[in-house]
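**Q** please find the sequence and the predicted model below.
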Amino acid sequence: MDNIGLGVQLMIVGMSTVFMILLIVIWGGKLLIKTVNKLAPEETVPAKAAAATPTAVDSNTMAVLQQVVSEITGGKGHVASAKRI
């Protein structure tokens, strides 16, 4: 019976130790994140230049797109509009 008591005691001490170490790691990580965010703020990315407005595709390309969509969907699909990007 002494062995069971010693085993339970060792299990409790071991699990408590692991739990405390994990708490220290979590708190240390949070502290590190806060410190880094204060010392090195996030960089701002400059906005991209406005792209040219997309233009509509010509009638030949629209006809090809319509045929492809019709072929793929079995005649159930249609192309409402298409713009060149």
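**A** Cool, the structure landed.

**Q** what number of residues lie near the residue lying closest to residue 82 once chain neighbours are set aside?
**A** Take residue 82 and drop its neighbours on the chain: the residue closest to it by CB to CB, 6 or more residues apart in numbering is residue 57, 4.8 Å away. In short, each C-beta sits where N, CA and C put it, glycine included. For residue 57, the neighbour count with other CB atoms under 10 Å is 16.

**Q** start and end of stretch 78-85, how far apart?
**A** End-to-end distance for stretch 78-85: 20 Å, by CA to CA, to the nearest Å.

**Q** quick one: contacts of that stretch?
**A** Surrounding stretch 78-85, the residues in contact under the criterion CB atoms under 8 Å, 6 or more residues apart in numbering are 54, 55, 56, 57, 61, 62, 65, 66, 69, 70.

**Q** helix/strand/coil for the most centrally placed residue in the chain?
**A** The residue lying closest to the centre of the chain (CA atoms, centre = their mean) is residue 42, at 17.8 Å. Under DSSP: H, G, I helix; E, B strand; the rest coil, residue 42 falls in the coil class.

**Q** now do it against residue 28, distance only.
**A** Counting by CB to CB, to the nearest Å, the gap from residue 42 to residue 28 is 22 Å.

**Q** go on, residue 22?
**A** 11 Å.

**Q** point to the helix or strand of this structure where mean pLDDT is at its lowest.
**A** Taking mean pLDDT, DSSP states H and E as the measure, the helix or strand of the chain with the lowest value is strand 55-56, at a mean of 75.

**Q** next helix or strand past that strand?
**A** For strand 55-56, the succeeding helix or strand toward the C-terminus, using DSSP states H and E, is helix 59-73.

**Q** and that following helix, how far out from the chain's middle?
**A** Going by CA atoms, centre = their mean, to the nearest Å, the spacing between the C-alpha centre of helix 59-73 and its chain's C-alpha centre is 35 Å.

**Q** likewise stretch 24-43?
**A** 21 Å.

**Q** same question for stretch 9-16.
**A** Counting by CA atoms, centre = their mean, stretch 9-16 comes out at 38 Å from the chain centroid.

**Q** one more: stretch 21-36?
**A** Offset of stretch 21-36 from its chain centre (CA atoms, centre = their mean): 23 Å.
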